[in-house]
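Colleague: Sequence first, then the predicted structure, then my questions.
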Amino acid sequence: MLIDLNTIEFLTTEQLAKLLGISKTSVYRLISCRLIPFYKLGHNVRFKKADVLEYLEKNCVKSVT
C-alpha cells in the first residue's frame, strides 16, 4: 500500500500543544503514557493531524442534557 505523504499533514509537538491549548510538557506526558498516536522519526516526534482529530473524537465526553 502506497501512502501519498504530500496529502498527510503532520504536526510537531509545539503545533499540537498550540492546537490543543496545552503545554508541551502535557504533550510529552500524552506521548510517554501512549495516550495519543505519534510517529517517531529519528529523534523527532510527529503527529498525523487526522489521528489527532480521531483521538479527540474518541475522548469526547458527552453532556448529560
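Modeller: Cool, the structure landed. Numbers count the residues shown, from 1 in each chain.
Colleague: what's the neighbour count on Ser32?
Modeller: Residues lying near Ser32 (other Cβ atoms under 10 Å) number 8. C-betas here are computed from N, CA, C, even on glycine.
Colleague: Now do it against Thr25, distance only.
Modeller: According to Cβ to Cβ, to the nearest Å, Ser32 and Thr25 sit 10 Å apart.
Colleague: cool, and Leu35?
Modeller: 14 Å.
Colleague: Val45 too?
Modeller: For Val45 relative to Thr25 (Cβ to Cβ), the value is 14 Å.
Colleague: for Lys62, same thing?
Modeller: 28 Å.
Colleague: which one of the two has more residues nearby?
Modeller: Using other Cβ under 10 Å as the criterion, Lys62 and Thr25 rank with Thr25 on top: 9 against 5.
Colleague: following the helix or strand containing that one, which helix or strand comes up?
Modeller: For Thr25, the host element (DSSP states H and E) is helix 24-32. Using DSSP H and E, the helix or strand that follows helix 24-32 towards the C-terminus is strand 39-41.
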